[in-house]
Each structure stands twice: as structure tokens, then as C-alpha cells.
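[1] quick one, structure for this:
(12 chains)
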Protein chains: 12
Amino acid sequence: MSSVARITTITARSDTSFEDAIRVGLERASATLRNVKGAWVKEQEVNLEDGKISAWQVVLEVTFVLE
Amino acid sequence: MSSVARITTITARSDTSFEDAIRVGLERASATLRNVKGAWVKEQEVNLEDGKISAWQVVLEVTFVLE
Amino acid sequence: MSSVARITTITARSDTSFEDAIRVGLERASATLRNVKGAWVKEQEVNLEDGKISAWQVVLEVTFVLE
Amino acid sequence: MSSVARITTITARSDTSFEDAIRVGLERASATLRNVKGAWVKEQEVNLEDGKISAWQVVLEVTFVLE
Amino acid sequence: MSSVARITTITARSDTSFEDAIRVGLERASATLRNVKGAWVKEQEVNLEDGKISAWQVVLEVTFVLE
Amino acid sequence: MSSVARITTITARSDTSFEDAIRVGLERASATLRNVKGAWVKEQEVNLEDGKISAWQVVLEVTFVLE
Amino acid sequence: MSSVARITTITARSDTSFEDAIRVGLERASATLRNVKGAWVKEQEVNLEDGKISAWQVVLEVTFVLE
Amino acid sequence: MSSVARITTITARSDTSFEDAIRVGLERASATLRNVKGAWVKEQEVNLEDGKISAWQVVLEVTFVLE
Amino acid sequence: MSSVARITTITARSDTSFEDAIRVGLERASATLRNVKGAWVKEQEVNLEDGKISAWQVVLEVTFVLE
Amino acid sequence: MSSVARITTITARSDTSFEDAIRVGLERASATLRNVKGAWVKEQEVNLEDGKISAWQVVLEVTFVLE
Amino acid sequence: MSSVARITTITARSDTSFEDAIRVGLERASATLRNVKGAWVKEQEVNLEDGKISAWQVVLEVTFVLE
Amino acid sequence: MSSVARITTITARSDTSFEDAIRVGLERASATLRNVKGAWVKEQEVNLEDGKISAWQVVLEVTFVLE
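    Numbering: from 1, shown residues only, chains lettered A, B, ... in the order given. Below is the predicted model of the structure:
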């Protein structure tokens, strides 16, 4: 049984947490791609405004199986 | 005073969060190994089922001191 | 419009979570540095005492713009 | 003469060998993409079931020229 | 305010310089993708013919925001 | 449903091919470890004697689930 | 004859080219640091606005000798 | 007993398989170098023509002992 | 002739030098493991107390052949 | 059709630009080696004297085909 | 109990050995920084003059705790 | 003033220490190459026989200036 999947890289931002940023990214990916199986977290970055954390950002490698 | 420690690599899964997966992994390690000192998080991965996050997985390098 | 920023590396510890450790680190950085823009999370480590997680530690690369 | 190509990452599985997995992946890529020029093998993984190798899996970076 | 962007990898060639190869690549990307924000230069390669530099080639990771 | 697995690194040699070296390594691992799930090929090396390939060697990261 | 130098990481931007961004960065470094000996180019990034390159950015590891 | 060896990097191509490409490369190396001891496989690439694999290419780090 | 070896990672400390730390680590490994063949030095770290070097620490990847 | 090429690493300096340093390096390589096909730019470094850039230096991996 | 430390990168040279270069570097660091805890050895380089080793150089990542 | 240097990779063994292995390697290099400027230590490995360290081995990247 052979199968082929694609890995696409996305960045996703949230103003509350890394875990929320991961959800945001995967929701957006699942909206346009079928068979999304999972994702590796490759990078984690926070942005600041006036000394406060304004955004939590992740880079995800998303895997989805090609029919 | 010389001392020797071992580093062993484990993966741990949880259906709630990365932090819970880390706890699960270290609890399991501490159940069989003495003097577990800590762990580095080497990888973070999420799995999806039907577009929803079904598992949060981490790869940990666990350090424990040899008597 | 040219601009120059510096990247400095810090480690920060908290006894509750990685996210809190990130806040602790950035607060300390913003106390002594102006124009802190953000930070990349380069490493994540947990320490154990008697089988329980006693500290969550991160290594951050903090960016701040030079006037 | 300027030219631009895209690099896309796929994973491919076969139950016989890595080389067959590479063929499977490139055949699937050539079915949907034009001007596929080649691929780098980035990762090689085997899966086991009951102690026997059940699948040979590769991660490929596939290059195809954009018209 | 959450937002998601995609990162796609391209190679671009020019017969005059790396900077021209970068322009060529980004022009081609902007022709088919909306909201191209920027790119990281991941690799730089030159090709020779009869001892003379015949092509300057770059590998770019291009970021574009998904609506 | 939480689960924990261990990753152990082995090297395996064969005098016929890399694929045979992988089989040799996983057979040896499955002989002493339960629930061996798979392995990543981390390194591939050949040894020569009198100009002929005398051994094909691989470094494998083997994953096995802890009960 | 022993000597000690420090390596500090800066990012510098220019709207014309990478080479100009390097000059901008080193000028700023030399304005505040003595004995700046040189720099390694660690990263190169371009930003776009409306499909045109608006900034060329470099990350430099700058070496300066401590008296 | 001190000994010194050199490591040289070669690429080798074959139209049949990676293993044949390794043989081709090591035969060529052994034709001009004495005491070739072995080689690490650093990269594996395939080239395509009209959707078919036309070449299997490897990058090898070859070790040979200096007399 | 096929053979399989295991690679285990240890850290070892000494208050005199890196070379002594290596000896300490390998002595401890040889006390519990048979057929220890050698080790790669992966990391070297020194600890300070009151401005003086109090410990020399190495991370070793130790290879031992499985019977 | 099998072919074998060698990859040799050189550093080249110029007092005007990275691109000129690349030309200098490849000219020198082509003077002693036949069939030089191209080069990857692996490192880029600038040297300073009295706050001014005195040299642009590159590390190149040069590929040349063996007859 | 939260705490923040800084990691700064220095190079240090000695004409006798790597271990002496490490001492030189840490002495210089401790002269200007308080609470220096330790250092990772990131690089080791030797310089030659007339075929003799004239300098032993190390790159150190030095950690010091911020009050 | 442009200049070109070559970087060649060697391994060297000694039965007493890493520093002696470095001397052995550089002496051998200087015997056949002119203008040897220095070397980076890329790897450090020890071999054991009957639980005792029998060899200290280094991989060196040696730089020599081409006339």
C-alpha cells in the first residue's frame, strides 16, 4: 500500500498563546487542505509592544495526505 | 568530585497540551529511573483527526545521575 | 531608512510554565533595554526535584532596536 | 536567461524499498506538476509491525521549473 | 488579531548577480501569489561555463499572507 | 490516552547492502526490546578493503513503546 | 600573548542592497565599540511592499577586541 | 602509533541506483588514491527526464590514509 | 559478518580537566557495559565558582558492541 | 553514463565586494583545475581596519568533474 | 523563584593550550561581569607560524546571572 | 590585494592526547603543504581497548594559502 503526503510550511499568530497560534494555523490549513494529519512546531517567536507581549507566533510544518 | 549522568531520549503524548505531555514523559521516566534531574524539549508535534488536534507529542532528552 | 538592532541571548526560569518563563525574561530585558521588539525561543528545558518539575527554563534571543 | 523553480516537500511510502518509495513519490509529483527536474532525499524511515519491516518511507524535496 | 502566512521555497537564476536573481524570483512569486511579504536567502550558488560565471542562483524562502 | 516511547541509537553492519544492515539492526533490536515501532536512518557509511566495499553500515534511531 | 574578543549579534537594514546594510551595521557598531575587527554574515532577508523590494536586511556577528 | 588520514568530498552519478553510484565513486577514488578506507554518504539526489528517473547521485566523504 | 552496536549518551564531570572527565565517563561506562569501543565528544562545558573553574564537563556518545 | 566530480573548499578575499571575491576564487581554481562546474557560497565575512571595510571574504565549495 | 541570566560570546587566545585559553577568557569575563556561572566551548582553532602552533583559540558562550 | 586559500580536511590520531593528535596532524600537513595558516577542530573521538583509552583522534579543517 503506497501513499504520498505533502509537507507545507505556515506561520500563525495569536495574541494569547503558542497553543492558540497552533490551533489558528491548523484550522486555516484544514479549511483549504484535505487529510491534514499533523504538524511539527519548527519555530516559536513572541513580539512585544511597549514592553508587553502582543503576539505569539509559530512556524509549523503541516503534513496532509494526497489522494 | 567526579560524577556521571546518562541522557536517554523518550517521546511522550497527551491529548491536552505539550506541558502535560512533558509531565507524562517525566513521570514514566521517574518510575523506572533514579535521580532524574531534568530534560530538554527537542521536538514538538501535534496530530490531527478530522481537523481537530487529537494529540500533543514531545521528544525529551532526559538526564539522570548514575550512582 | 536604515536601522540597526541588537540580538542578545538570555535564559529565564519560572516555577510554573514556559510561557511564564518567557514573560519573566522579557520583563527583565525591558527593564534595562529600550525598544525591545521580540524574541525567538531557542531552547526549552525542565528541571526536576524528587520526581516533580521544579523549574521551566527557556533560552531567548531578544531583539532591541538601537537608537 | 533567468528561470525560476519551486521546491516542494513530500513524503512517500512503499512496502518494498526506499528506492521504490522514491519512484512512488516522484510519479505522484509528476502527475500533478509539470517540469519536475529532480529531488533530494532528506529523510529515510522504516516502520515495523510484529518485528517485520512493513513500510519504507522517504521525505523528498522535489524541484520543478515554473513556466 | 490572528493571521496565517505560508512559506514557499523557490530557486531563481540570473546571468548578472545574486541581487538580480532575488528580484527575478520575487517578481515571479508576486505574479502568482498575493501579499508576498519577503524572503530569506537560504543558499547562493554560481555556475561556470569555460571558466566564466554563467549564472548566479539563489534559494529563497518566500513568505506570503493568506487572506 | 497518553503513551511514552523510548528512542535508542544503534549501528548495524552488513556485507551486502544498507537495506540488509537495517534489517540486521532491527532484528537485533526486536530480539531484546518489545513494541519496536520503527527507525530513522541517521547515517550511512561504507568500509573498503583492497578497493572493494567490505561493509555497509547504518546508524539507526529505533523507537519502541514502553508499556 | 593572550587576547580576548567579544562577539555581538546585530541586524541592519538598508533600502538599497545587502552590502549597504553591512556598511550601515558596522558603522553603527564602530560608533559605540572600539577595536571592531570584522563580522560574519549569518542571515540575509529582503522585505517587500506592493511587490517591490523595500528593504535588504542582514544579521551580522560582529567581533571586537577587549582591551 | 600516530597516523594521519585525509577526507575528500566527491559526487558520483549512476543511471541505476544509489548503491551503484557509491561503487562508481569509490572505484574512481581508488584509481587515483592509495589506502582508501571508506566513505560517509552525505547527500542523495535523483534527477528526472520526462518524468522518469535518469540519474541517482550521491555526495561521499572519502577517507584515505596518508603514508 | 553482521554486527550491531549501541550508542548511549553520558555526561561526565571532573575538577581537573576535560581529558580527566572523559576518563571518568568511560571508566563508569566500562564498569556496567561490555565491549565499549570508544566515544565521540559532543559537548564541552566548564562551571565556575567565585570566578574559578570548579568543574570540567563533557557529553560523550559511547559505542559498545552487542553480543 | 556515470560521472564523478570532486568538491574542494577554498576561501577568497577581495577589497571591493563579495561578488569580486567569488570571481577571484573561481579564477584561481580554474587556473589549476579542469572542468570547474560551479560553487556554493558557504560563508561570507568582512574584515575592518580603522572602522572601514578592508576586505570581503567568502568560503566556496567548488565542484569540478574528474575525467 | 524566577531568575534571568545572560549568555555572551567571547573568543580567547593563548600560546600554550586550549585549557589555558579557556582560563584567560573566563578571567577576563569575571573581571567585568558579576555572577559568571560557566561557559560552553563552541569552537576550537589553532594558528600556525612557520609550521609551529603559535596560538590556541576558543569561542566560549559565557553565562552570568543578572541580579 | 586579493588572496585565495584552500581548506582540506584531515584526521589525526595519537596515543597520548587530543593536543598531541593536533600537532601530529599539522606536522604531517606542513610536510606536504606550504603556507599552512591554521586549523579548526571539527570532531574529537577516543578509542578504547580493554576498557583503556588506546587512541585520541581529531578531525581538522586545515587552511593553507595558495601562492
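
[2] are stretch A:3-22 and chain E in contact anywhere?
    Yes: Stretch A:3-22 lies within reach of chain E by CB under 8 Å from any CB of the partner chain, at A:8, A:9, A:10, A:11, A:12, A:13, A:14, A:15, A:20, A:21. The C-beta positions use only the backbone N, C-alpha and C, and glycine is treated the same way.

[3] what segments of chain A are strands?
    Shown for chain A, the strands assigned by DSSP state E span residues A:3-14, A:36-49, A:52-65.

[4] residues in contact with the closest residue to residue A:33 other than its chain neighbours?
    By the measure of CB to CB, 6 or more residues apart in numbering or on different chains, the closest residue to residue A:33 outside its immediate chain neighbours is residue A:64, 4.6 Å from it. Neighbour list for residue A:64: A:5, A:6, A:8, A:29, A:33, A:34, A:35, A:36, A:37 [criterion: CB atoms under 8 Å, 6 or more residues apart in numbering or on different chains].

[5] and residue A:64, what are its bridge partners?
    Residue A:64 has these beta-bridge partners by DSSP bridges: residue A:6, residue A:36.

[6] return the distance of the residue in chain A positioned nearest to chain H relative to chain K.
    Relative to chain H, the nearest point of chain A is residue A:4 (14.8 Å; CB to the nearest CB). Using CB to the nearest CB, to the nearest Å, we find residue A:4 at a distance of 40 Å from chain K.

[7] burial check on the residue lying closest to that residue once chain neighbours are set aside, number of neighbours?
    In space, and not counting its chain neighbours, residue A:4 is closest to residue D:28: 4.1 Å by CB to CB, 6+ apart. Residues near residue D:28, counting by other CB atoms under 10 Å in any protein chain shown, number 19.

[8] residues contacting residue D:28?
    With contacts defined as CB under 8 Å, 6+ apart, residue D:28 is in contact with A:4, A:66, D:10, D:12.

[9] nearest to chain K among those residues?
    Chain K lies nearest to residue D:10 out of these, by CB to the nearest CB, at 35.4 Å.

[10] the closest one contacts residue D:62, doesn't it?
    Yes: in this structure, residue D:10 is within contact of residue D:62 by CB atoms under 8 Å, at 6.0 Å.

[11] which neighbours do the two have in common?
    Shared contacts of residue D:10 and residue D:62, defined by CB under 8 Å, 6+ apart, are found at D:25, D:29.

[12] of those two, who's got more company?
    The residue with more neighbours, out of residue D:10 and residue D:62, is residue D:62; 24 against 21, by other CB under 10 Å.

[13] low-confidence ranges in chain A?
    A:1-2 (pLDDT under 70).

[14] 50 instead?
    By pLDDT under 50, chain A contains no weakly predicted segment.

[15] could you pull up the residues touching the closest residue to residue A:37 other than its chain neighbours?
    Of all residues not flanking residue A:37 in the chain, residue A:63 sits nearest, at 4.8 Å (CB to CB, 6+ apart). For residue A:63, the contacting residues are A:5, A:6, A:7, A:36, A:37, A:38, A:39, D:11, by CB under 8 Å, 6+ apart.

[16] who touches the last one in this structure?
    The reference is to residue D:11. A:4, A:5, A:6, A:7, A:63, D:25, D:57, D:58, D:59, D:60.

[17] and what of the first one?
    Applying CB under 8 Å, 6+ apart, we find residue A:5 in contact with A:35, A:37, A:63, A:64, A:65, A:66, D:10, D:11, D:12.

[18] tell me how far the first one lies from residue D:39.
    It refers to residue A:35. Distance check for residue A:35 against residue D:39: by CB to CB, to the nearest Å, it reads 22 Å.

[19] tell me which of those two has more neighbours.
    Using other CB under 10 Å, the more surrounded residue of residue A:35 and residue D:39 is residue D:39, with 28 against 15.

[20] circling back: what subset of the contacts of residue A:64 is buried?
    Buried by 16 or more other CB atoms under 10 Å in any protein chain shown: A:5, A:6, A:8, A:29, A:33, A:36, out of the contacts of residue A:64.

[21] now those in TSV, with distance to residue L:48?
    TSV is the format used below for the buried ones among the contacts of residue A:64 (distance: CB to CB, whole Å):
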residue	distance to residue L:48
A:5	44
A:6	46
A:8	47
A:29	50
A:33	52
A:36	49
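
[22] from those residues, pick the one nearest residue L:46.
    The closest of these to residue L:46 turns out to be residue A:5 (CB to CB; 42.3 Å).

[23] distance of the residue of chain A found nearest chain L relative to residue J:36?
    The nearest approach of chain A to chain L comes at residue A:42, 26.2 Å away (CB to the nearest CB). Applying CB to CB, the value for residue A:42 to residue J:36 is 36 Å.

[24] would you indicate which residues of stretch A:37-50 are buried?
    Residues of stretch A:37-50 classed as buried: A:38, A:39, A:40, A:41, A:44, A:45, A:46, A:48 (neighbour count, 16+ other CB under 10 Å).

[25] what does stretch A:51-62 give?
    A:53, A:55, A:56, A:57, A:58, A:59, A:60, A:61, A:62.

[26] that stretch and chain G in contact?
    No: for stretch A:51-62, no contact with chain G is found by CB under 8 Å from any CB; the gap never falls below 14.3 Å.

[27] how about the buried residues of stretch A:51-62 in JSON lines, adding distance to chain L?
    Listed next are these as JSON lines, based on distance: CB to the nearest CB, whole Å:
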{"residue": "A:53", "distance to chain L": "39"}
{"residue": "A:55", "distance to chain L": "39"}
{"residue": "A:56", "distance to chain L": "37"}
{"residue": "A:57", "distance to chain L": "34"}
{"residue": "A:58", "distance to chain L": "33"}
{"residue": "A:59", "distance to chain L": "29"}
{"residue": "A:60", "distance to chain L": "33"}
{"residue": "A:61", "distance to chain L": "29"}
{"residue": "A:62", "distance to chain L": "35"}
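
[28] of these, closest to chain G?
    The nearest member of those to chain G, counting by CB to the nearest CB, is residue A:59 at 14.3 Å.

[29] contacting residues around the closest residue to that closest one other than its chain neighbours?
    Counting by CB to CB, 6+ apart, residue A:59 lies nearest to residue A:43, which is 3.9 Å off, once chain neighbours are set aside. Neighbour list for residue A:43: A:58, A:59, C:40, C:41 [criterion: CB under 8 Å, 6+ apart].

[30] tell me the one of those residues nearest chain J?
    In terms of CB to the nearest CB, no member of those lies closer to chain J than residue C:40, at 21.7 Å.

[31] show me what the closest one bridges to in the sheet.
    Per DSSP bridges, the residues bridged to residue C:40 are residue A:45, residue C:61.

[32] does it touch residue A:44 like I think?
    Yes: here residue C:40 reaches residue A:44: they are 7.2 Å apart, a contact under CB under 8 Å.

[33] up against chain D, what does chain A have?
    Counting by CB under 8 Å from any CB, chain A sits next to chain D at A:1, A:2, A:3, A:4, A:5, A:6, A:7, A:8, A:61, A:63, A:66.

[34] for those residues, which one is nearest chain K?
    Lowest distance from chain K to the residues of chain A next to chain D (CB to the nearest CB) belongs to residue A:61, with 27.4 Å.

[35] isn't the closest one up against residue A:36?
    No: the criterion here is CB under 8 Å, and residue A:61 misses it with residue A:36 at 11.8 Å.

[36] for chain A, which residues are neighbours of chain C?
    Residues of chain A lying close to chain C by CB under 8 Å from any CB are A:17, A:18, A:43, A:44, A:45, A:46, A:47, A:48, A:51, A:53.
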